[in-house]
Structures are given as structure tokens and as C-alpha cells.
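Novice: sequence below, structure please.
(chains A and B)
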Amino acid sequence: MSGHEFHPLVKQLLDGDITRADLPAELRAEGEEALRLLAGVERTAVSMPAVTWRVMAALERRRRRFLPWLLAPALAIAAALVIWLWPGTPPPSASLVTVRFVLVAPEARQVSLAGTFNQWDPQATPLVRAGATGVWTATVTLPAGQHQYVFVVDGARWVPDPGAPAVDDGFGRRNSVLTL
Amino acid sequence: MRSESQAADGEIVRAVLAGDRERYAQLVERYRDRYARYAARMLGSVDAAEDAVQDAFVRAYDQLAQCKDPDKFVGWFFLILRNRCFAERRRNRTSASLEAANEVAAVDRADGGAESAERRRALQLALLELTPDQREVFVLKHVEGLSYSEIAERLSTSVPSLKMRMHRAYDKLRYELRDHT
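Specialist: Numbers count the residues shown, from 1 in each chain, chains lettered A, B, ... in the order given. Just a heads-up that it's a prediction; the model follows:
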């Protein structure tokens, strides 16, 4: 790593103890290189709404560990969750939000998303199964605003997300609503 | 009268210890996102971070009686999560790299910042080459935005010791990113 050490003054610049103007001329270029390095820091905020349910389910599961099957239906009902990651500070974009959709569907052979963001096309946004866990996920970037969607299981069953609010679609079914 | 959602941490911890188990959800709700990004950057994977945060809350529940100052639950919880992250990195080092790069790539696609994508991706991978101690101080300062004195208080260490770790991290990152400058 010899020869790749930053000058101590440049390290002070990275620490925020001095400014660019405090650097002698011969260190300006190195200072700019160092600041470019920091400009690549990923500060996107991360939200984990599913954790509350998962923690409480884990505690409950343990409490009932002698009767594990009694809990299975409850877990299945509460299994679909939406996690969204929103831009942090400074925001890379105020108008786009990265959203992770999660559905626990151990019996499904195929799961996809259909919604206002993909013209309700059940082929457009497939979820990917994570190993043998039965957890299906898809990460999608959406414009800020309100979106309606459902999960499409095995290409035929349109399932609203039990973890999100829902509205009547006007045809006797329910659509989940995501507001970003 | 204060509502349940505004109850102090200590009040909730004492209620849980007295048998009101469901109130633990309030603490989880209150703090799960505060350290989500820390865990994600430490582990290089949002999925692994979610597992770590979940495990840390379960472990904290198990050890709640050992929380000496219930009013400082969050600082105590952070140390449990930190240990969990350090242990996870020791166990599972390589798989995080690809995930880390892909997650950053996903964000870059989202904000359209194509010109910075490669640099951000490279930095995310380079962070995983730091020692956990170095990565932690980098993440707390440059991702979470804490000052050296705040980090020192949280980790019960000194500012000079943190600066030494950080300055080694800067050099290591410069070396790792030598082809991206």
C-alpha cells in the first residue's frame, strides 16, 4: 500500500477539520482526489418495516415452540410486506424511490407484481424466490406518489398485499395502495 | 398524560420486564430504522442487515433484564447490534460483495447518476476490504454523519484512537480505489 497514503493535511480535510483553502497548492490535487472519494459514499436511508413483525413473530414462535403448527396460519396471513428505501441526505433524487416488495408464498411456483406502475402487466415485474425459504422479493424504482398493485401468484391468482392498505378496484376486487 | 407511543424507553423496558411483552414492539418500531443503514453498510447487504437487526432485537429482548439503565436502552441495543454485525462479517465475507455492488447499482439506476455509478460501486466494494473497526468508524462518520466525539461516546473509546483507525481507512480506500481516481 506504500505510496498510497494521503498527506496528513488531506486526512484533516476529509475529517472536516480544515477546508480546501487551507491546503497548500501542491496538495490541492490530492485534496480533490480525496473529496471525490467521499462523494461516492452511499447515504441512501434504509427502512425495515418488516422487522417489527418479524421480531414479535419470533418471540411469539418461541413462546409457543411446543405447539409450532398453531402459529403457521397467522404467519402466512401476515407474510406479505413492503419495504421501502428512500433517498437519504443528500437525496440522489427527490422524485424516485426504491421499493422492495416482499411476499412469503412457500407454495407458489411464480410470483409477479401488477400495478399502475407497469400497466397491470403480470409479466413485467417478476419476484425472485430467495432460496428454499418461500420468500419472494422484487426491488423496483418508482416515482413518488400513490400506486396501486397486487401480487400475481402462479400467473392466475391476484392477491392484495395484507401488509398494505387496500381500496376497491371497482370490479369487486381489492388493490393494495402504496404511497411514496 | 403521555400516550403509549410517547412513553420513554425506560418506561417501556420496565413494562416489558413486568410481563407486558407486546409493548416491546414499540421499542422495535422506534429504533429499527435508526441503525438499519449502519447495519446495511457494515454488512454490505440490506437483506443481511435486516436479519442482523431482527436478531439483535430478539437478543436484546432475551437479555433485557441485563440492561442496567433502561432509559439508555438504545445505546445498549446498539452495542448488541454492533456485535452481531461484527460476528456476521467474520462468518460471511464474500457473498456480501456482490450484493453490495448490486444494491448500489440499483440506487444509481434509480437516480440516473450514471457518471458516478462506477465510483460508488467501487467505494462500496472497497469499504468491505477495510477491517470491521475501520469500516465502522468510516460508516458512523461519513454515512451516519456523527462527529468523532459522538462516535467516541457511543463506542466508549477516545477520539485520537478513532482518528487513527479512520486515517488508516482513508489510506486503504485510496489504495483500493487507485484505478478509479
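
Novice: shaky segments in the chain?
Specialist: Assuming you mean chain A. Within chain A, the stretches with pLDDT under 70 are A:1-2, A:64-94, A:170-171.

Novice: please refer instead to chain B.
Specialist: Checking chain B against pLDDT under 70 turns up B:1-5, B:89-116, B:181.

Novice: domain ranges for it, per the record?
Specialist: Per the record, chain B has its domains at B:4-91, B:97-176, by automatic domain parsing.

Novice: just put those in CSV and tack on mean neighbour count.
Specialist: For glycine as for every other residue, the C-beta is placed from the backbone atoms N, C-alpha and C. Formatted as CSV, the domains of chain B follow (neighbours: other CB atoms under 10 Å in any protein chain shown):
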stretch, mean neighbour count
domain B:4-91, 18
domain B:97-176, 18
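
Novice: helices or strands up against the helix ranked longest in chain A?
Specialist: Criterion DSSP state H: the longest helix present in chain A is helix A:50-63. Contact partners of helix A:50-63 among helices and strands, from 3 or more CB pairs under 8 Å, 6 or more residues apart in numbering or on different chains; DSSP states H and E: helix A:68-77, strand A:81-85, helix B:24-31, helix B:46-62.

Novice: what's the angle between the third one and helix B:46-62?
Specialist: I take that to be helix B:24-31. Calculated by axes from the mean of the first three to the mean of the last three CA atoms, to 10 degrees, helix B:24-31 forms an angle of 140 degrees with helix B:46-62.

Novice: quick one, the helix or strand following helix B:24-31 and helix B:46-62 angle?
Specialist: Sequence order places helix B:36-43 as the next helix or strand after helix B:24-31, per DSSP states H and E. In terms of direction (the same axes, to 10 degrees), helix B:36-43 departs from helix B:46-62 by 110 degrees.

Novice: so residue B:82 makes contact with residue B:136?
Specialist: Yes - the pair residue B:82 / residue B:136 is scored as a contact, 7.3 Å apart, by CB atoms under 8 Å.

Novice: for the residue nearest to the spatial centre of chain B, which residues are in contact?
Specialist: Chain B has residue B:38 as the residue nearest its centroid, 2.4 Å off, counting by CA atoms, centre = their mean. If you count contacts by CB atoms under 8 Å, 6 or more residues apart in numbering or on different chains, residue B:38 has them with B:81, B:85, B:139-140, B:143-144.

Novice: out of those, which two sit at the greatest distance?
Specialist: Based on CB to CB, the longest span within the contacts of residue B:38 runs between B:81 and B:143 and measures 15.0 Å.

Novice: pull the contacting residues for the residue nearest to residue B:13 when sequence neighbours are not counted.
Specialist: Distances taken as CB to CB, 6 or more residues apart in numbering or on different chains place residue B:70 nearest to residue B:13, at 3.7 Å, with adjacent residues excluded. Shown in contact with residue B:70 (CB under 8 Å, 6+ apart): B:9-10, B:13-14.

Novice: just give me the closest of these to chain A.
Specialist: Closest approach between these and chain A, by CB to the nearest CB: residue B:13, at 14.8 Å.

Novice: before we move on, what SS does the closest one have?
Specialist: helix (DSSP: H, G, I helix; E, B strand; the rest coil).

Novice: looks like residue A:30 contacts residue A:6 (just checking).
Specialist: Yes - look at residue A:30 against residue A:6 with CB under 8 Å: they come within range, at 6.6 Å.

Novice: thinking again about what came up before, so which of the contacts of residue B:38 sit within strands?
Specialist: Secondary structure from DSSP state E places none of the contacts of residue B:38 in strands.

Novice: can you put those in JSON lines and add distance to chain A?
Specialist: As requested, these are arranged in JSON lines below (distance: CB to the nearest CB, whole Å):
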{"residue": "B:81", "distance to chain A": "11"}
{"residue": "B:85", "distance to chain A": "13"}
{"residue": "B:139", "distance to chain A": "9"}
{"residue": "B:140", "distance to chain A": "12"}
{"residue": "B:143", "distance to chain A": "6"}
{"residue": "B:144", "distance to chain A": "9"}
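
Novice: what's around the nearest residue to residue A:166 once chain neighbours are set aside, how many residues?
Specialist: Once flanking residues are discounted, residue A:166 sits nearest to residue A:174: 4.2 Å by CB to CB, 6+ apart. When neighbours are defined as other CB atoms under 10 Å in any protein chain shown, residue A:174 has 16 of them.

Novice: what's the separation between residue A:174 and residue B:37?
Specialist: Distance, residue A:174 to residue B:37, using CB to CB, to the nearest Å: 33 Å.

Novice: just residue B:45 next, same as before
Specialist: For residue B:45, the distance to residue B:37 (CB to CB) stands at 12 Å.

Novice: with residue A:115 instead?
Specialist: Distance, residue A:115 to residue B:37, by CB to CB: 27 Å.

Novice: what sits against residue A:173?
Specialist: A:150, A:158, A:160.

Novice: just among those residues, which is most surrounded?
Specialist: Ranking those using other CB under 10 Å puts residue A:150 first, with 22 neighbours.
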